[in-house]
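Undergrad: no sequence on this one, just coordinates:
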């Protein structure tokens, strides 16, 4: 089963909007074992949309087209599909009613244009949605199918996961269930992870029970993804659980999370589990650690606050860092220990270092000290040597500092 | 002149990497008056890359292909282009020398694979680059051209702006110069900006001297782009300068920056111009304001520090906010005024509010107070009513707070 993705919208071709939908859809298809060999973006032009859809149908079994289902004159995906199907359009009374109801419920005036969204090709089937007004469409063309979904990400995602991927899986005739689990690691290079896991991969090549793949996701770490194909969910999950255990024995505390877990959520879970509150003192990261830790709801249960001691003065004044170089082990330790005191938290974390472009305190760009102060009064400092530009050094400081804290909280 | 964009890489089709190159290239093409009707992503597969390039050449005058120029066995763009050109590959001694030198300069061992990057189709021309090892290529196919650039954004960008766009403009035979300037606005909706500017657009439709277009860029504001076409750079720049002045008279202080200027850089410039230092107290944004202001080098000249007073305790303890509700005008004012004192800065900014998902202090989600304390000892509080999810409320709080500060510093 091959399914390609077509994104419609002149704004994509002008570069003013980034197409994030295609990558998201591609990831869902890959997870379900459906190949996708081509992605195309095309503008709001009838002939070109028709040509792109015909080409896609000529080389793939199915096409998912996103965008161009709205109520304006630029939204011409429906008409282009009708031409490819060789059928007329009709106005679907049920959809007229639904769209009218949505506007009524929102107490908004509906312009006549909005009912254009109730027009669809004869022979198409509606894919319902719970949020917006534009219905998705399943449009058979011979033994192939064009699936049309809105460009609004939340509406698109609902239709892809709820209806389209299951339909593609069913049509692919694969009765097997594919389940995946991603172990997220931080701390070593992709090549090192690959070396460590090589024996498992060789074993799986023989048994065929599961497959392992790698993804280097930059600041999100190296992802190790296990996929298992089996005749039932339970069986596939059992295979994955066994493989996860084997991988965890090899990778140890390099694994910081599973699937959608981030480094922040891993740290948050450990703090909550221990009923610890948390405070942070940041220099070169300028608030990045605080910002990431508070991005998700629920942080108020444990996040007390942060001091962004960007200037040396603020380090001395607010955090009582002793006189002397501020890019140093001494300063990092004082910042972490005194963050605990100033913010009245159980755990203190600190970072001080040189993000660049200039050196500081005679230390080269990329020199970073991470300080950790724990509830038992103990403290620890780790020195990092990072490379890259200012942004990379800041981001890697953040993730490394959180990872050092995570490893100590997990003990 | 039509030029389409092809991105090569299986990782794009798996959704594990987002293609940001195509949008960036598209924006450069659009700025230079070059149409781009199709973008395609294709995996690391020889036949499919060849097919995509042939199709692109059949419907456009030129193709820019990114990715697949690296040193691994997956990097097969060069060979695919040679097949499309109907020529053999040869090893370019000059590139061999260059690549060898790059490794020597970095004191890194070069594996033999790296010299694959010196192979190129007979008849191609090298596009030099200053950073990495893979040269770009200009490959004539009849009277059309395939331009190949690496997928590494910084290397790609250097070649596109330095060589490829100028070559496309020259080949398009357009002797006119196109210059653009973008005015970035914040504070009103796109439709309001459109209404305000409508008379200018009507006037330009008559004179034809310049064109105005809008882009709603979310958190980056509404961009108003002026383009002028003339026979010389000087003439085009004069037209733009005149139009910018007319637009600024209409838009007033809604304009916070020009071209690549961000809200942060606008605030930074005003602080530097006044020789003011700056400190911030953040609650619901959790460090976002600090982080954005320190993202660019040079912030140490004026950014003293920040207090992330996420918990109410920290507001009272560190910022001496008086007892009472912390989502309030009183709290916002105390936070801004005392941030000045605690951080010993000339200017103090504060935000306190409800990012959600839960209400706080009886205030609904989206209620935000922004406090501003100025060097003359005066202070001011602005109340915002934001909507959307937690992330949107945090981001809009940040940009609105900076905008309020900007307006006061610009007086």
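TA: That came in fine, so what should we check first? Remember, predicted model here, so these are calculated numbers, not experimental data.

Undergrad: Are stretch A:355-367 and chain B in contact anywhere?
TA: Yes. Stretch A:355-367 is in contact with chain B by C-beta under 8 Å from any C-beta of the partner chain, via A:355-358. Placement of C-beta: from N, CA and C, glycine included.

Undergrad: now chain A, which segments are flagged as low pLDDT?
TA: Chain A contains no residues with pLDDT under 70.

Undergrad: show me where it has helices.
TA: A:10-13, A:21-31, A:46-59, A:77-85, A:93-105, A:153-159, A:165-171, A:190-207, A:233-251, A:263-274, A:288-293, A:312-319, A:329-342, A:390-409 (DSSP state H).

Undergrad: So which residues make contact with the shortest one?
TA: Put plainly, it is helix A:10-13. A:17, A:19, A:41-45, A:67, A:74, B:23, B:26, B:30, B:36-39 (C-beta atoms under 8 Å, 6 or more residues apart in numbering or on different chains).

Undergrad: Neighbour-wise, give me the winner out of the residues you listed.
TA: Most neighbours among the contacts of helix A:10-13, by other C-beta atoms under 10 Å in any protein chain shown: residue A:41, with 31 neighbours.

Undergrad: in the sheet, who's paired with that one?
TA: residue A:7, residue B:39 (DSSP bridges).

Undergrad: just the helices of chain A: most buried one?
TA: helix A:288-293 (a mean of 28; mean count of other C-beta atoms under 10 Å in any protein chain shown).

Undergrad: ok, residue A:135 - how many residues close by?
TA: For residue A:135, the count of nearby residues is 26 (other C-beta under 10 Å).

Undergrad: Pick out the residue closest to the middle of chain A.
TA: Residue closest to the average C-alpha location in chain A (C-alpha atoms, centre = their mean): residue A:260, at 7.4 Å.

Undergrad: Give me the distance between that one and residue A:182.
TA: In this view, residue A:260 and residue A:182 are 8 Å apart by C-beta to C-beta, to the nearest Å.

Undergrad: The closest residue to residue A:259 other than its chain neighbours: how many residues sit nearby?
TA: Spatially, and ignoring its direct neighbours in sequence, residue A:259 is nearest to residue A:182 (5.3 Å; C-beta to C-beta, 6 or more residues apart in numbering or on different chains). Using other C-beta under 10 Å, residue A:182 has 19 neighbouring residues.

Undergrad: Please work out which residues outside stretch A:308-315 touch it.
TA: Stretch A:308-315 is contacted from outside by A:281-283, A:286-287, A:290, A:307, A:318-319, A:321, A:326, A:331, A:335, A:352, B:280, B:287, B:290, B:294, B:299-300, B:303-308, B:343-344, using C-beta under 8 Å, 6+ apart.

Undergrad: Check the offset of stretch A:208-223 from the chain's centre.
TA: 14 Å (C-alpha atoms, centre = their mean, to the nearest Å).

Undergrad: Which residues are in contact with the nearest residue to residue A:410 once chain neighbours are set aside?
TA: For residue A:410, ignoring the flanking residues on the chain, the nearest one in space by C-beta to C-beta, 6+ apart is residue A:270 at 6.1 Å. Going by C-beta under 8 Å, 6+ apart, residue A:270 touches A:406, A:409-410.

Undergrad: can you put these in TSV and add distance to residue B:50?
TA: As requested, the contacts of residue A:270 are arranged in TSV below (distance: C-beta to C-beta, whole Å):
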residue	distance to residue B:50
A:406	47
A:409	53
A:410	51
